[in-house]
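[1] give me a 3D structure for the following:
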Amino acid sequence: MTKKVVVVGGGWAGSAAALAARKVGCDVELFERADMLLGTGLVGGIMRNNGRFTVTEEMIAMGGGDLFEIADENARHKNIEFPGHKHANLYDVSTIEPAVRKALFAAGVKIHLKCRVKDVEIEDGRIIKVIADEMHGDTIVAEGDVFVDVSGTAGPMGNCIKYGNGCAMCIYRCPTFGPRFSIAAKAGVTEIIGEKPDGTYGAMSGSCKLHKDSLASNIVEELDHTGVCVVPVPENLQKSISSLGQKACQQYALKEFAENVILLDTGHAKLMTAYYPLDTLRQIPGFENARFEDPYAGGIGNSMRYLGMLPRDNCLQVTGLQNVFCGGEKAGLLVGHTEAIITGTVAGHNAARSALGLELIEIPQSLACGEGIAYVKEKMQTKEGLSKKYTFSGSVLFEHMKSKNLYTTDVQKIRETVNQVNMTGFFAKNLMAHCSEAAATKPVQN
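    Alright, predicted model coming up:
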């Protein structure tokens, strides 16, 4: 009998969860409140930098690398360096979403866009259905065996006003499509709120985008040619390094990012700071006509995130609910598209296993992916840990990864390590057709 997984949220994590559950053999229905998939991935673009290279190749070896391969195919620049970061790929934000959507359709995922989940029905500690409203349309009721909450942690506008500098009119577009909705929270799970080092709540998105045509031609030429442009900021205009502490992306809280305007080419000119006062920016040579693309009020602030995480185990099952899993920012203080794809893949795969009555799996901690998931869960049990952000590309998690000798760019070595723990091709198996084999074959924990 066919089993059904319902995914709520269509960002990188939701897209990964949907693909992973389909690979196992379940029917999958995905709900996304906005008119496009990928969420912040629509304005992001950085892949494979630092430790993200290792975990990307691990996931590819494990059979869960579809979205990474799509990002590689849509890269504007490959193997670039910028301060503190090596061997990065920059995907094109204008082509990535259609490519991901095409892959989900091809896999057989049923996608509802402009369709915001607004309620759930619960029975004996299990969610049995979600209720969603189509924009200017009908109400949809979707039953499921298992559910994945990948609704993110940013928005609504009130949180950006209360914890940030106001609604900066970002890619989330809360006024148009409504705020995020967590099915786990609606089912009674208490969400976890991240903190800044000073104890205030949330973290601000770590970059914004400038319209390329508003920049000097020499800056645009360098971006198009190399993917990176570093412009020194006159000393009298330099922002205090302390202003970088509120960023979600702590791997960019380096003095180089205060002393320079650092741009990356993702189609837009990605400005590596949470926001930059427009009057100050326009005093820097080459930026006299600068204009923000995302958020539109990027001179004032940015979206506030990490205000609605969920307690979970290392299988990405939500604590307190029998049939709900989580990924992306819902799974904790993991920052980045790579991190969202990894947690989304594990959540979607285990959701499908749960639906089929199979034992759930954890990625072994001898792999960087598994160690990252476990390490963040452990750190989030402490107040200090809640004030940090974790990414394979820098800061706390990357340093931890290196201390465990898990960072490498040797692809063959990565594949051998994955094979040693019986995880080669693991996420690519159709378990509907091989349930007996799946029950007997488990990854090696070490």
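
[2] confidence score at the residue located most distally from the centre of the chain?
    Farthest-out residue of the chain from its mean C-alpha position, per CA atoms, centre = their mean: residue 236, at 35.8 Å. As summarised for this prediction, residue 236 has a pLDDT of 85.

[3] contacting residues around it?
    Residues counted as contacts of residue 236 (CB atoms under 8 Å, 6 or more residues apart in numbering): none. No exception for glycine: its C-beta is placed from N, CA and C like everyone else's.

[4] do the same with residue 157
    Residue 157 makes contact with 167, 174-175, 179 under the criterion CB under 8 Å, 6+ apart.

[5] switch the cut-off to 7 Å
    Shown in contact with residue 157 (CB atoms under 7 Å, 6 or more residues apart in numbering): 167, 174-175.

[6] where does pLDDT dip in the protein?
    Along the chain, the parts satisfying pLDDT under 70 run over 239-254, 434-446.

[7] name the SS class of the residue farthest from the centre of the chain, please.
    Residue 236 falls in the helix class when you classify it by DSSP: H, G, I helix; E, B strand; the rest coil.

[8] from residue 14, how far out is it?
    Using CB to CB, to the nearest Å, residue 236 is found at 45 Å from residue 14.

[9] could you do residue 297 as well?
    Taken as CB to CB, the span from residue 297 to residue 14 is 27 Å.

[10] so for the two, which residue has more residues nearby?
    Neighbour comparison, residue 297 and residue 14: the larger count goes to residue 14, with 33 against 18 (by other CB atoms under 10 Å).

[11] what's the burial count for residue 158?
    Tallying neighbours of residue 158 according to other CB under 10 Å, which is how burial is gauged here, yields 12.

[12] what of residue 23?
    By other CB under 10 Å, the residues close to residue 23 number 23.

[13] next structured bit after the host helix or strand of it?
    When elements are defined using DSSP states H and E, residue 23 is found to belong to helix 12-24. The C-terminal neighbour of helix 12-24 among helices and strands, as given by DSSP H and E, is strand 27-31.

[14] strand partners of whatever helix or strand comes next after that next one, parallel vs antiparallel please.
    Helices and strands here follow DSSP H and E; after strand 27-31, the next one along the chain is strand 46-47. In its sheet, strand 46-47 lies beside strand 85-91 (antiparallel), with partners assigned from DSSP bridges.

[15] just checking, what packs against the helix or strand just after the partner strand?
    Scanning forward in sequence from strand 85-91, with DSSP H and E defining helices and strands, the next element found is helix 96-107. Helices and strands touching helix 96-107, by 3 or more CB pairs under 7 Å, 6 or more residues apart in numbering; DSSP states H and E, are helix 12-24, helix 66-73.

[16] among the contacts of residue 157, name the buried ones.
    By the neighbour-count criterion of 16 or more other CB atoms under 10 Å, the contacts of residue 157 include these buried positions: 167, 174.

[17] from the contacts of residue 157, pick the one nearest residue 426.
    When the contacts of residue 157 are ranked by distance to residue 426 (CB to CB), residue 174 comes first, at 37.3 Å.

[18] so who does residue 270 touch?
    When contacts are taken as CB under 7 Å, 6+ apart, residue 270 is in contact with 45, 207, 209, 263-264.

[19] can you give the contact residues for stretch 330-337?
    Outside stretch 330-337, the residues that reach it (CB under 7 Å, 6+ apart) are 12, 41, 44, 47, 149-153, 194, 248-249, 306, 309-310, 312, 316, 343, 376-377, 380, 388-391, 393.

[20] angle of the helix or strand hosting residue 229 against strand 85-91?
    Taking DSSP H and E as the definition, residue 229 sits inside strand 228-232. In this structure, strand 228-232 runs at an angle of 120 degrees to strand 85-91, with axes from the mean of the first three to the mean of the last three CA atoms, to 10 degrees as the basis.

[21] and for strand 228-232, what's in contact with it?
    Counting by CB under 7 Å, 6+ apart, the neighbours of strand 228-232 from elsewhere in the structure are 80, 82, 219, 222-223, 259-264, 284, 286.

[22] can you put these in CSV and add distance to residue 59 and secondary structure?
    What follows is those, written out as CSV (distance: CB to CB, whole Å; DSSP: H, G, I helix; E, B strand; the rest coil):
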residue, distance to residue 59, secondary structure
80, 21, strand
82, 24, strand
219, 35, helix
222, 32, helix
223, 29, helix
259, 35, helix
260, 33, strand
261, 33, strand
262, 28, strand
263, 29, strand
264, 23, strand
284, 39, coil
286, 38, coil
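
[23] which one among the residues you listed gets closest to residue 105?
    Of the contacts of strand 228-232, the one sitting nearest to residue 105 (CB to CB) turns out to be residue 264, at 29.7 Å.

[24] so what sits opposite that closest one in the bridge?
    Partner residues in beta bridges with residue 264, using DSSP bridges, are residue 228, residue 270.

[25] right, and it touches residue 227 too?
    Yes. The pair residue 264 / residue 227 is scored as a contact, 6.4 Å apart, by CB atoms under 7 Å.

[26] overlap in contacts, these two.
    When contacts are counted by CB under 7 Å, 6+ apart, residue 264 and residue 227 have residue 90 as shared neighbours.

[27] with adjacent residues omitted, what lies nearest to residue 337?
    The spatial neighbour of residue 337 that comes closest, neighbours along the chain excluded (CB to CB, 6 or more residues apart in numbering), is residue 12 at 4.8 Å.

[28] and the one you found, how many neighbours does it have?
    Burial measure for residue 12: 30 neighbouring residues, criterion other CB under 10 Å.

[29] show the contacting residues for it.
    Residue 12 makes contact with 38, 41, 67, 328, 337, 340-341, 344 under the criterion CB under 7 Å, 6+ apart.

[30] what of residue 207?
    Applying CB under 7 Å, 6+ apart, one finds that residue 207 lies in contact with 249, 270-273.

[31] roughly how far does it sit from residue 290?
    Counting by CB to CB, the gap from residue 207 to residue 290 is 15 Å.

[32] follow-up on the earlier one: how about the helices and strands packed on helix 96-107 in TSV, adding distance to residue 367?
    Rendered in TSV, the data for the helices and strands packed on helix 96-107 read as follows (distance: least, CB to CB, whole Å):
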stretch	distance to residue 367
helix 12-24	16
helix 66-73	15
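
[33] deepest-packed of those, please.
    The highest mean neighbour count among these, using mean count of other CB atoms under 10 Å, belongs to helix 12-24: a mean of 31.

[34] sorry, back to before: angle of the strand holding residue 229 against strand 260-265?
    Interaxial angle of strand 228-232 relative to strand 260-265 (the same axes, to 10 degrees): 160 degrees.

[35] change the start of the numbering to 11 and stick with it
    All set: I'll call the first residue 11, so the last point we hit is now strand 238-242.

[36] strand 238-242: which residues count as buried?
    Residues 238-239, 241 are the ones in strand 238-242 that count as buried (16+ other CB under 10 Å).

[37] same deal with stretch 275-290?
    In stretch 275-290, the ones that count as buried by 16+ other CB under 10 Å are 275-286, 288, 290.
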